[in-house]
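In: got a structure for you, letters missing:
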């Protein structure tokens, strides 16, 4: 597999976390990757892209100082590294099984699109919503009409005769609205006058 001794391989892997990694590090890691990729494709053909995840995980682990410290016999570096790769594959496979077992179900049927189309609210209002909207607008319109009369009288200080002309009301109609507005304000503020 490698053209360097096991002791040299260990030293090269240890250099990965140093400020100046050994120039042979890339070749050593590529060698491990090729061997493991071949092994993984032979023994675990159904892994697909998950094999790459296991390869990356194992490569990161074999340059980890903690993992490297666990290697007692440098002459056993190749089987030690292969063992890390196999454990990485088992971890990835376990995660895949766990996630595959949790299928996301949108509805009781297999046709998720039909279920969503039937159960998500439409963008067009229903007839009930349209009727409710018309009622709300009528209430707001009546409130605004009264407020407009009050605004014209109390803010713009227009005489009732001019307000009646602008609002297409009678003078008595404007006077009645203003009287009700004043009473409402007195009641709201608790003033008896």
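Out: Okay, I see it. Nothing here was measured: the structure is a model prediction, and the numbers come from that model.
In: surely residue 133 meets residue 127?
Out: No - Residue 133 is not in contact with residue 127 according to CB atoms under 8 Å; the separation is 10.6 Å. The C-beta positions use only the backbone N, C-alpha and C, and glycine is treated the same way.
In: which one of the two is surrounded by more residues?
Out: Remark: of residue 133 and residue 127, residue 133 carries more neighbours, 11 against 7, as counted by other CB atoms under 10 Å.
In: which pLDDT value goes with residue 73?
Out: In this prediction, residue 73 carries a pLDDT score of 91.
In: next one: residue 97
Out: We note a pLDDT of 75 for residue 97 in this prediction.
In: contacts only, for residue 50.
Out: Residue 50 makes contacts with 92, 93, 96, as judged by CB atoms under 8 Å, 6 or more residues apart in numbering.
In: measure the last one to residue 90 for me?
Out: So the one you mean is residue 96. Taking CB to CB, to the nearest Å as the measure, residue 96 falls 11 Å from residue 90.
In: gap between residue 52 and residue 33?
Out: 10 Å.
In: for the protein, where's the lowest mean pLDDT among helices and strands?
Out: Sorted by mean pLDDT, DSSP states H and E, the helices and strands of the chain end with helix 112-119, the least confident at a mean of 58.
In: following that one, which helix or strand comes up?
Out: Toward the C-terminal end, the helix or strand that comes next after helix 112-119 (DSSP states H and E) is helix 127-150.
In: state the mean pLDDT of that following helix.
Out: Here the average pLDDT along helix 127-150 is 79.
In: and that helix, how far from the chain's centre?
Out: Distance, stretch centre to chain centre, for helix 127-150: 39 Å (CA atoms, centre = their mean, to the nearest Å).
In: the next helix or strand after it - contacts with which helices or strands?
Out: Moving toward the C-terminus from helix 127-150, the first helix or strand encountered (DSSP H and E) is helix 160-167. Under the contact criterion of 3 or more CB pairs under 8 Å, 6 or more residues apart in numbering; DSSP states H and E, helix 160-167 touches helix 127-150, helix 171-189.
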